[in-house]
Each structure stands twice: as structure tokens, then as C-alpha cells.
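1. Next one to model:
(2 chains)
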Amino acid sequence: MKTGARTLIEALQREGVDTIFGYPGGVVLPIYDELYDSSIRHILVRHEQAAAHAADGYARASGRVGVCLATSGPGACNLVTGIATAYMDSIPIVALTGQVPTALLGNDAFQESDITGITMPITKHNYLVKNAADIDRVVKEAFYIAGTGRPGPVLIDLPKDVSTGEVDEASSPPAAISLRGYQPTYEGHVRQIDKALDLIAEAERPLVYAGGGVILSGASAELREFIETAAIPVTTTLMGLGAIPGDHPLNLGMLGMHGTAAANFAVTECDLLVAIGVRFDDRVTGKIEAFAPNARIIHIDIDPAEIGKNKKVDLPIVGDVGRVLRAMLARMKKRGDTANWVNRTGTWKAQFPPAYRDDDRLRPQYIIQQLSDLMKGEGIVVSEVGQNQMWTALYYCFRKPRSWITSGGLGTMGYGFPAAIGAHFARPGETVVDVAGDGSFQMNIQELATVAHNNIPVKVVILNNMYLGMVRQWQELFYERRYAYTELSPVDFVKVANAYGVEGMRVEEKADVRGALETALSHDGPFVLDFRIEREENVFPMVPAGAAINEMIGVRNP
Amino acid sequence: MTSHTLSVLVENRAGVLSRVAGMFSRRGFNIESLAVGTCEEPGMSRITIVVNGDDAVVEQVMKQTNKIIDVIKVSDLTEHESVERELALIKVAAETGAARAEIMQIANIFRAQIVDVGTRTLVLQVAGDTDKIEALEKLLRQYGIKELVRTGKVALLRGSKTVKTSK
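-> Predicted structure coming up:
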């Protein structure tokens, strides 16, 4: 006989798990004891939220399922924000939580919380395992559900007596997974594909609107071939950055609230919108009735529930984005004449690039441009949430899928730093940079201990304006500059980093930016750069809440 | 806005009703009536849900319900000929012999059964569609309804068609 905990570790190994981000506690002691001398690497974070974000960063960087582990009650509850973050962006993670013994379930036992109940609306599926004999099957199903179809987080709750329970040594997981309620559609309907190709051939002003689904499907090459073959300009969502190289002539950049003028104008004027792996989020569409008002809409997505959820579409194709694009390429007979339109969108792009006052002040956009220049599209850039995230989206040139990791849907401050740790373990040897604000960084600043302890060479670029910058921007623009509780006290981040055993440098002059970035990037270990930027710099363009996306503030000629 | 009767075939597992009901409330879909019980397939249950909404809303309801892993199949019975029934138990005051006689007559007309006779009350059991139950309730109100309980609606397709597995 073997224990449930041993069975769990073996099941994880069978799924190819090499790294777990976690934090021990009472009811997971049996699992930690088995983990101690297993081949799986365990990274001790300093707050369970960071474990969930690290698993998520690992998943986004690798395309594989990320795994985190926490104890019952407070440990499990601390995972919640991380699980919700993964859920909103369709990221495959498996969260393992300890639970009080089954005999105590429902009795308000010490460190008991109903984590399957709590996470029901933020997981793709979850399990409360009541018999050790079920562990093999549940783990196999959990990884399958997390990683297939539209990916998402799955939680497995393991009561202590299940971990210590006995399982037959010879037991093995079921050979096949049988989930009669879960059968994702991968192949697009051929007749729908042909109809879509007809619409594309007829269109005079077609536009591709591509999102995170392209990255998740691993369909960047297919997307590129598709837009080049059909000669269609493309705009990507925040989650789709990197799906098409940022400097591709047909790429108009990001659309939406902080999208480029070219992208937002193109959406408004196009006569056919080909939406690929997207969900018509409100930050993308602005006023939904005025979104793509002149266009027929084709929507390709693996999740049928996304079709028509926010915007009525003319032609849905349910399936895996990569497979649908391959089928479209194979069946494409003729292409429309889009030369004038491509020209026109190209003119917008040249006329209205994202722009800022490039004077001698230390401005965040300049820092991002210098970082982009030094990284040359290699490595991974992670962001926190807010102005730092939008400046990175607008001024960094992403050239590859999975080179950009950010919390898009939930907009979780404090996500970036732990996600960067996860990304490092997914792709060791590659440079990982977390672009942060001083507000966001302080939400998981304790992870400096994790990077110091394990010498994880993550570089943190803090765009420090001593404000909750994005909220302050809204207060400036829409609340008469009444900065209600958005001013932060100055923090000496270099000293904080040093206290944890991490090196750092403060930068106050524009002239020092490049040198400082070079120092950090070439440093053999974690590094914190504290850039004291212009305090009231804003992110432009900006579409005010409730406006149509072609009604932008801050679009100006360079 | 019309009422739609959805037949939802689910895995008979702990928490499945909570998953379905939770999704409805989270996404702001209104449940008018809900009934759940085991069905002809071992290991499965059938939930009958009545929702109110326009076609786009009902389509979203069905798709979101279908996404729940423990949900095996969702069908809108409103699109087809179906038999829809609910059941009510009504405890009505019957203080006098005359009232008692009248109530029994009404029960007879509605094909309701008297399932309990007390010294001062009768309990009627009636099954039928929503209109029938509401009509009976209206008629009995003059005698004084002490207590009333209704099940959610259950429904089946007419003829040999069935709502079976394979999503």
C-alpha cells in the first residue's frame, strides 16, 4: 500500500510536472513530506497569492499547465486572486489545496474553508477528493480539463485523511479519460469556413482583430500567413500582443481604451471584422453599439459561449484558432483587393504613432523604448497592472508569442513579480523583466525573498511616480484632479531590495536610463531598478469610459 | 421576453446543482422555476429550469450551462411539443360542511385529489400546467388557503423523441 500523498506526487510526475510553487501548512504536511525527496522542484513563495501567480506565469511562458500548492483555510483563500486571474485570461493551472480531514468537513474546523465552493465561479472545474483511490483519476482529469479546449484553472482539494489514506500499490489511473460533459470542438465547420472566405474575398476594408486565443492555440505562424496571404491589416488585444511581430507592416498595434489611433480608426471604418480568439471585452470595444459599426463580423473561437455574448456576429466559427486558420489557408481560392485599405491604415499608422513629449525629463515611455531596444524581442516581459502595463503595451515592440505576460482580464496588481518568477522556471536561461509601478510592486514585494533565496535572475523595472498612476490619471481627467487616496509615500526600493539581499539602483536622470538597464540585464541575479519618473505622466491615447473607440483623447501628430 | 423550459442532463454528483444555480445568479439569469431529481440513466440527474429572456439571453444561458463540466446536455423544450407539469399541495380552510362540499366539488372538476382531511382543513394535491394550478389556487382563495407548496416544473418531449446524452 502507498499513501494518498505518494499517489498524488506520482500522478503529478506522470503529468510531467517539474516545478510546484507553494507554501506549506498543517494539513498539507503529508504532501510536503512526499515532495521533499521527489524529483519535483518546489519553490517556496512568501505568500500563497504569489504561488498561484507564479504557476500562471509558468503556464503562460511555457504553454504547459502550471501547478501551485497551499494549505487549507487561509492558504487556500490566498490563492483565490491568482486563480481568478488565470480564469479571466484562460490560463491552465492546477491548484492543489489541503483540506481538513473528511470527518471534520462542515464543522468549522481549524483552518477550514469551503474552497471548492469559493472557487466554483473562478475555476473551469474543481474537485473535493473524498477517497484516496480517486486521486489518480482526479489528477488526470484535472490536467486534461485545465489544458484542453479553452484552458483554465482547476482546483483539487485534498483532505488530510485522503493524503494519509491508503491506495493499492498496483493501482493506476484510468487508461482513458471519460468526461461525457466535456467535449471541446476543435475543427471548424467547413461550410462556415467557406462562407467566411467568401466574405473575406468580397470585403474592401477587412480587418483582423486577434487576441489571447491565438497565443493559447499556438497559432501565431498561421495568423501571420493568413494576414499576409489575404493582405489584411491586423490589430491585437492586450492579450494578443506578440501574436504578430510589433513591427510587421500589417500590424496596427493594440486596439481599445489605450489602443493606437490607427487600430481604433481601422475598427471603426472596416467593412469586415475577422475576430480571432477574442471575447469583445469592454476595454476593447468601448461603447459596444459603436464598435465596428460598418462591419460584418466573423468570430472564430473555441468557446461557443463567447459567440454573440457581447456583440452580435454574422458568421461564427467554433473551433481551435490554429486549426481553423489552417483550414482557411488551405481552402482560400481568391483574395479581395485590399491595396487601398492597407495603404490607408498604413497612413494612419505613420501619422498617429503613440507619442509623448521626448524632452530631457525622465519619462516612462522612454524607459520602455530603451528596454525594448536592448531586449530586441528576445526574452520575456511581464507587467504589473495600470500605467506601467499600458506604457509597455504601447511602447515595447513584441516580436514573439509568449514574450509578453500580463493580467488582462482581472487586472491584478501584484501579478507581475510572482508571474515573472514562474516564467523564469518555465524558460530558464532567458531574460525575464517585470515592468512595475510602485503601487503594484508593493502588493507582492515580499517575493524579493523568493528571488533572493533561489537567486532567480528576474529584473524589476519600477516606474515609480509615487502614485497609483492609472487611478490618478482618471482623477485628473474625470474627477477635477481630486487625488483621493492615490498618492503613495516615497519608498526607497533599493534599500528594500538590499534588505532582502537583492541588488538595486535608483535612476533619476534620463541620461542614466540605458546604462542602468544594461547593468540590470547583465547582472547575474535578481535586480531592482527604481526609476523616479515624471509623476503626472499620462497614458495616451485614451478612450473615456462609455465612448466609442474612435473618440480618443491625446491623439496628436508627432 | 418569453419563458423557456430547459431540460438539463447532469452528472449526479455532489455540488452539481450549486454549479448550475451559481452560474445563473453570477451571470444575472433569472430562474423562474427549478426542479431536480434522478432520471432514467443511472448516475445522472435531470434538472428542469424555466428561464425568462429573449432569444439571445436564452442562447447564452444554454451555452454557459453547457460549459459546466458536470453538465452533459442542455435542451430547450420550448422549441418542441412537450408535456409540462408541476405539482402543488394546497391546505385550504374547510370550517363548515358547506365549504367542505364545495371544495371537494372544485377538486373534482380540477381532477385534484384530497390527500388529507383534518377537522378544519383539507389538503388538495393537484398536478398540471402552471395555468391550471393558478386557476385552482384562485378559486380556493375564497375559503382561505392556509399553506401552499409547489414543485418546480418538470417536462418531457412528446412522442418518441428524448433528451439524451452526447453533448
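
2. to the chain's geometric centre, what's the distance from stretch B:84-103?
-> Remark: stretch B:84-103 is offset 20 Å from the chain centroid, using Cα atoms, centre = their mean, to the nearest Å.

3. hang on, I meant stretch A:341-355
-> 28 Å.

4. go on, stretch B:10-27?
-> With Cα atoms, centre = their mean, you get 17 Å for stretch B:10-27.

5. anything in that stretch near chain A?
-> Yes. For stretch B:10-27, a contact with chain A is found by Cβ under 8 Å from any Cβ of the partner chain, at B:Val10, B:Glu11, B:Ala14, B:Gly15, B:Ser18, B:Arg19, B:Gly22, B:Met23, B:Arg26. C-betas here are computed from N, CA, C, even on glycine.

6. If you count neighbours, what's buried in that stretch?
-> Across stretch B:10-27, burial judged by 16 or more other Cβ atoms under 10 Å in any protein chain shown covers B:Val10, B:Glu11, B:Asn12, B:Gly15, B:Val16, B:Arg19, B:Val20, B:Met23, B:Phe24.

7. residues in contact with that stretch?
-> Applying Cβ atoms under 8 Å, 6 or more residues apart in numbering or on different chains, the contact partners of stretch B:10-27 are A:116-117, A:120-121, A:128, A:180-181, B:8, B:29-31, B:34, B:36, B:38, B:43-47, B:49, B:51, B:60-61, B:64-65, B:68, B:70-72.

8. Let me know the distance separating the residue nearest to A:Gly422 when sequence neighbours are not counted from chain B.
-> Once flanking residues are discounted, A:Gly422 sits nearest to A:Gly57: 3.0 Å by Cβ to Cβ, 6 or more residues apart in numbering or on different chains. Distance of A:Gly57 to chain B, computed by Cβ to the nearest Cβ, to the nearest Å: 25 Å.

9. now A:Asp271
-> For A:Asp271 relative to chain B (Cβ to the nearest Cβ), the value is 24 Å.

10. And for A:Arg335?
-> Taking Cβ to the nearest Cβ, one finds A:Arg335 at 33 Å from chain B.

11. Was I right to think that residue contacts A:Ile200?
-> Yes. With contact defined as Cβ atoms under 8 Å, A:Arg335 and A:Ile200 form a contacting pair (7.3 Å).

12. what residues does chain B put near chain A?
-> Near chain A, when you scan chain B using Cβ under 8 Å from any Cβ, you find B:10-11, B:14-15, B:18-19, B:22-23, B:26, B:56, B:59-60, B:63-64, B:66-72, B:165-167.

13. Dump stretch A:92-100 to PDB, restricted to CA.
-> C-alpha atoms of stretch A:92-100 as PDB (Å, rounded to 0.1, in the frame of the first residue of the first chain):
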ATOM      1  CA  PRO A  92      -4.200  26.400 -17.500                       C
ATOM      2  CA  ILE A  93      -3.200  25.900 -13.900                       C
ATOM      3  CA  VAL A  94      -3.900  23.200 -11.400                       C
ATOM      4  CA  ALA A  95      -4.200  24.500  -7.800                       C
ATOM      5  CA  LEU A  96      -3.700  21.900  -5.100                       C
ATOM      6  CA  THR A  97      -5.100  22.700  -1.700                       C
ATOM      7  CA  GLY A  98      -5.100  20.800   1.600                       C
ATOM      8  CA  GLN A  99      -8.400  20.400   3.500                       C
ATOM      9  CA  VAL A 100      -9.300  19.400   7.000                       C
END
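
14. separation between the residue of chain B found nearest chain A and B:Phe29?
-> Ranking the residues of chain B by distance to chain A (Cβ to the nearest Cβ) places B:Lys63 first, at 3.8 Å. Taking Cβ to Cβ, to the nearest Å as the measure, B:Lys63 falls 11 Å from B:Phe29.

15. The residue nearest to A:Gly422: helix or strand, and which one exactly?
-> Element membership for A:Gly57 (DSSP states H and E) is helix A:48-62.

16. Likewise for A:Val491?
-> Short version, using DSSP H and E: A:Val491 is in no helix or strand.

17. Skipping adjacent residues, who's closest to it in space?
-> Using Cβ to Cβ, 6+ apart, the closest residue to A:Val491 is A:Asp438 (6.4 Å).

18. tell me which of the buried residues of stretch B:10-27 is nearest to A:Val274?
-> B:Met23 (29.9 Å; Cβ to Cβ).

19. okay, A:Tyr396: pLDDT?
-> In the predicted model, A:Tyr396 carries a pLDDT score of 98.

20. Test my guess that it contacts A:Ser372.
-> Yes. Under the criterion of Cβ under 8 Å, A:Tyr396 makes contact with A:Ser372 at 4.4 Å.

21. ok, those two, which is more surrounded?
-> Counted by other Cβ atoms under 10 Å in any protein chain shown, A:Tyr396 and A:Ser372 do not tie: A:Tyr396 has more neighbours, with 24 against 18.

22. For that one, grab phi and psi.
-> phi -100, psi 140 (degrees, to the nearest 10).

23. ok, now how distant is it from chain B?
-> From A:Tyr396 over to chain B (counting by Cβ to the nearest Cβ), the distance is 34 Å.

24. and if you look at A:Met239?
-> 20 Å.

25. Give the helix, strand or coil label for that residue.
-> Put simply, A:Met239 is coil when judged by DSSP: H, G, I helix; E, B strand; the rest coil.

26. Hmm, it is touching A:Tyr209, no?
-> No. If you go by Cβ under 8 Å, A:Met239 and A:Tyr209 don't touch, sitting 11.8 Å apart.
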